[in-house]
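Peer 1: no sequence on this one, just coordinates:
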């Protein structure tokens, strides 16, 4: 099967050669006609000159011989009766009467009579031109003729030269066609290579067509298409990444819920089964078991509340309810409440009497999470400190490794995955979300084995 550039070149050459052939045939006919007409005019001009010279000529036979030698023309002088008076190429005595010849008869009614005819005398086709003149007060006919073979020899000589010109033109056209073909092949190969690269997802591939405007337009359209494909692929990758993240989060939620709910549910079931199986259980022990069941139920409730709040924060459904309150009072309340849970620990509050105007409930939740985390990850005192319009929770616990600092605020991430209780790894993530909604942000400073500092600015919360 032929390629497109080969079809183009083949059709181009066929069209060119066909056009040249038709032109050659037309040129052949036209040139032949022009050359014959040109020779007729030459014969007429020669007759006019002879007409002027004849008035001074006495020997007609010698004169026609001289004209023939100089011009190669056949010269015949004929009287009004058709008798040949002089002939340059034959013996006039042996020639027939010419009175019935067409050119002689026509010369009586026309200035010049012309005809192309086969000469029986010389056995050659001749072009004849005749004219009637007055010579020595008598009417005679001057007839000049020339061999058509001579005319055609001149024509063929000219045509041969033209033929070589045509051959040169064909060769030049073939060369130009080949050059054009190479350029077409180059541009097509650039586009096909580019398409091959694109099919292999190489959107940074380069296409450089440089010879034909149409291929340049195609390459520009392909580049625009590739840009769109690249954008779509990037969107697809982002969507896949989002789906993977959503699936991971879903799995993390299920894993966290399974892990965190397992212990309190197991405790509830254990205490409940014990009470059911022992109908004679002493009231004090029964009350103690029931208290354990209630405590674990409360723990599950708080975990569900945290999870629900985290979902609200993710969806942007958190409604901020601002109110005016004292920061020191809020910090003391948080410290007192957590002191009941951690009876052997001390929470030191070093906070000035500052009035804030923000969502008290959300800020309290932030403090509870930060202080609770500090108590879980340390054995010493925990401090709540206010300085330079920043509220900070400081501990002297295990600290956080440098490579984990950026991860601790991620949802469901826990530094020590086996030690946290009632957390599900959403505490610091929730704190970050809440502070962001309160126009602040969480800052963490930690040194592994030394302790940690969690702080946030309250500039946007100060009452103006």
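Peer 2: Received it, and whenever you're ready, just let me know what you need. Since this is a predicted model, take the numbers as computed values, not measurements.
Peer 1: Hmm, residue 88 is touching residue 60, no?
Peer 2: No: using C-beta atoms under 8 Å, residue 88 and residue 60 do not qualify as a contacting pair, with a distance of 10.3 Å. From N, CA and C alone the C-beta is placed, and that goes for glycine too.
Peer 1: Counting neighbours, go ahead and name the busier of these two.
Peer 2: The neighbour count for residue 88 versus residue 60, taken as other C-beta atoms under 10 Å, is higher for residue 88 (22 against 17).
Peer 1: measure that one to residue 45 for me?
Peer 2: 18 Å (C-beta to C-beta, to the nearest Å).
Peer 1: Then residue 434?
Peer 2: 119 Å.
Peer 1: Compare these two and say which is more crowded by neighbours.
Peer 2: Neighbour tally, residue 434 and residue 45, criterion other C-beta under 10 Å: the higher count belongs to residue 434, 23 against 12.
Peer 1: Give me the nearest residue to the more buried one, chain neighbours excluded.
Peer 2: Among residues not flanking residue 434 along the chain, residue 362 sits closest, at 5.0 Å (C-beta to C-beta, 6 or more residues apart in numbering).
Peer 1: what's the helix or strand hosting that neighbour packed up against?
Peer 2: Assigned by DSSP states H and E, residue 362 belongs to helix 360-376. For helix 360-376, the packing partners by 3 or more C-beta pairs under 8 Å, 6 or more residues apart in numbering; DSSP states H and E come out as helix 327-341, strand 382-387, strand 390-395, helix 427-437, strand 451-457.
Peer 1: Out of those, the one nearest residue 72 is which?
Peer 2: With C-beta to C-beta as the measure, helix 427-437 is the member of the helices and strands packed on helix 360-376 nearest residue 72 (115.3 Å).
Peer 1: Name the residues of the helix or strand following the closest one that are buried.
Peer 2: Downstream of helix 427-437, the first helix or strand assigned by DSSP H and E is strand 443-447. For strand 443-447, the neighbour count (16 or more other C-beta atoms under 10 Å) marks residue 446 as buried.
Peer 1: Quick check: mean pLDDT of strand 443-447?
Peer 2: For strand 443-447, the mean per-residue pLDDT is 88.
Peer 1: That one packs against which elements?
Peer 2: Counting by 3+ C-beta pairs under 8 Å, 6+ apart, strand 443-447 packs on strand 451-457.
Peer 1: For the strand it packs on, enumerate the helices and strands it packs against.
Peer 2: helix 360-376, strand 390-395, strand 443-447.
Peer 1: Of all the ones you listed, which one comes closest to residue 30?
Peer 2: Of those, nearest to residue 30 by C-beta to C-beta is strand 443-447, at 99.9 Å.
Peer 1: Partner strands of that closest one, with direction?
Peer 2: Strand 443-447 sits in its sheet next to strand 451-457 (antiparallel), going by DSSP bridges.
Peer 1: any idea of the mean pLDDT for the longest strand belonging to the chain?
Peer 2: Identified as the longest strand of the chain according to DSSP state E is strand 124-135. For strand 124-135, the mean per-residue pLDDT is 88.
Peer 1: That one: partners in the sheet, and parallel or antiparallel?
Peer 2: strand 113-119 (antiparallel), strand 138-147 (antiparallel).
Peer 1: could those strands go into CSV alongside mean pLDDT and mean neighbour count?
Peer 2: Shown next, in CSV, are these (pLDDT from 0 to 100; neighbours: other C-beta atoms under 10 Å):
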stretch, mean pLDDT, mean neighbour count
strand 113-119, 84, 15
strand 138-147, 90, 21
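Peer 1: Distance check, the residue nearest to residue 338 when sequence neighbours are not counted against residue 207.
Peer 2: Leaving aside its sequence neighbours, residue 338 sits nearest to residue 371 (C-beta to C-beta, 6+ apart; 5.6 Å). Residue 371 sits 63 Å away from residue 207, going by C-beta to C-beta.
Peer 1: what's the angle between the helix holding residue 362 and strand 382-387?
Peer 2: 130 degrees (axes from the mean of the first three to the mean of the last three C-alpha atoms, to 10 degrees).
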